[in-house]
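Asker: mind folding the following:
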Amino acid sequence: MSTNSTRVFVARLLGLDVFDPLGDRLGRLRDVVVLDRGPVKPPLVVGIVVEVPGKKRVFVPMTRITSMDAGQIICTGLVNLRRFEQRGAEMLVMAEMFDRRVILADGSGSATIEDIGMEQVRNGDWYVSQLFVRRGHSMSPLRSLRRNETLIVDWNEVQQGGRNEPQAATTFVASHEDLKPADFAEALHEMNDKRRLEVASELQDERLADVLQELPDDDQVQILSSLDLERAADVLEEMDPDDAADLLAELPEDQKEQLLQLMEPEEAEDVRRLMQYEENTAGSIMTPVPVILPPEATVAEALAHVRREELTPALASAIFVCRPPLETPTGRYLGVVHIQQLLRFPPPEALGNIVDSDLEPISDHAAVSEVARTLATYNLNAVAVVNDAGRLVGAVTVDDVLDQLLPDDWRAQEGEPPQTMTGGARRG
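Answerer: Modelled structure (predicted):
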């Protein structure tokens, strides 16, 4: 293996592209896997976790790495594309070791790991050799000024805490802040229970809500149940009402009612309304807060509404035109204006002049299969849902239908059968 230096720090590698010998990009490095060998021997670096196309994370043994520097990583083409699963005494450096508290052997107090240096020895093996740490509380008042000082120490110059010791997640969250919620959820799902809860607790309410919506049901329940009731209610308020209703449906009845009572009345009302519908109906999967405007509103106003950052692309694709009141359930439903129509008419044009009234809305009691047929037949991203009185009560988007039609555990399933790039095995 050729490197410019026999020692590299993990934080500098995260996010680097990984290439095969021909220069084709395999994926992006997301973590490093080390083998915990106890308090005396430094961890052995056994491989890296690479995110390949399709957002799947696979294991590449260190024996397959031929070059590693600050710009790129090159490996042989022998990579097993089976999804990475952590085993036995393996630890993920970014997910589990960063933010871990250690005691400095010189008696100067505790510190927190912010980066880890790994070094290749003569026989080609890689070991954790150094830690980049930030001092915590000092054991001596005379050394209080050294708090927050950073330093590099050798592995044997610290005393490691146990794997079950409480651990912060500041570094992990900061380094993953640019990940889309679905990708962050993928990383969270792969963690052990302890670390998953620690990372989740570090997230802001809005970010946690977005990530929860992308997790399997079991993970959602585990994380929400670990929060105190007031914070759990705050997070539910940040979720889309249909996702919040689905999550609450998985909780015990007393816990569900406590959380609804703690939520803002307006937010709780939307969720309660969704929970009244039978499972597998349009009403049970719809969002009660689509873009709704009166017929007098202009194209310019409609474009301003669909530009809102919190709208999903599917919800932003349609404006539902109704008589007041504009809160669901609305006044009489008049029709829909698709975003393409907005782009074809001048800004002052009234929506009432361009509304599509021929596209029939879906009943809130219609089966999900009927909703799917309507979306497919008319090539729609979203369809209006009305009650028996002809009032708009929400909208179903194509992603709502896909979530319902796919298996319950689709997020945790393999996207494709295991493959190998020109051979290779799970361990090198």
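Asker: what ranges does the stretch 301-428 of the chain have for its strands?
Answerer: 318-322, 333-338, 362-363, 382-386, 392-397, 420-421 (DSSP state E, counting those that start in this stretch).
Asker: is it possible to get a markdown table of the ones you listed that adds distance to Glu301 and mean pLDDT?
Answerer: Backbone N, C-alpha and C define where each C-beta goes, glycine included. Formatted as a markdown table, the strands of the stretch 301-428 of the chain follow (distance: least, Cβ to Cβ, whole Å; pLDDT from 0 to 100):
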| stretch | distance to Glu301 | mean pLDDT |
| --- | --- | --- |
| strand 318-322 | 9 | 98 |
| strand 333-338 | 11 | 97 |
| strand 362-363 | 26 | 97 |
| strand 382-386 | 19 | 97 |
| strand 392-397 | 18 | 97 |
| strand 420-421 | 52 | 50 |
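Asker: relative to Met97, which of those is closest?
Answerer: Of all the strands of the stretch 301-428 of the chain, it is strand 420-421 that lies closest to Met97, at 28.5 Å by Cβ to Cβ.
Asker: list the contacts for Ala168?
Answerer: Ala168 is in contact with 99, 112, 198, 202, counting by Cβ atoms under 8 Å, 6 or more residues apart in numbering.
Asker: and of the strands of the stretch 301-428 of the chain, who's closest to Val128?
Answerer: That would be strand 420-421 among those, by Cβ to Cβ, at 28.0 Å.
Asker: on that earlier part again, which of the contacts of Ala168 tops the neighbour count?
Answerer: Within these, most neighbours by other Cβ atoms under 10 Å means Asp99, with 22 neighbours.
Asker: and the pLDDT for the closest residue to it other than its chain neighbours?
Answerer: Spatial nearest neighbour of Asp99, excluding adjacent residues (Cβ to Cβ, 6 or more residues apart in numbering): Ala168 at 4.3 Å. Looking at Ala168, its pLDDT stands at 89.
Asker: where along the stretch 51-200 of the chain do the helices fall?
Answerer: Counting by DSSP state H, counting those that start in this stretch, the stretch 51-200 of the chain has helices at residues 170-175, 181-189, 193-202.
Asker: make TSV out of the ones you listed and add distance to Gly54.
Answerer: Compiled in TSV, the helices of the stretch 51-200 of the chain are given as follows (distance: least, Cβ to Cβ, whole Å):
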stretch	distance to Gly54
helix 170-175	22
helix 181-189	11
helix 193-202	22
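Asker: give me the phi and psi for Leu227.
Answerer: Dihedral angles of Leu227 (phi, psi; degrees, to the nearest 10) stand at phi -80, psi 150.
Asker: where does pLDDT dip in this structure?
Answerer: Residue ranges of the chain with pLDDT under 70: 1-5, 137-147, 408-428.
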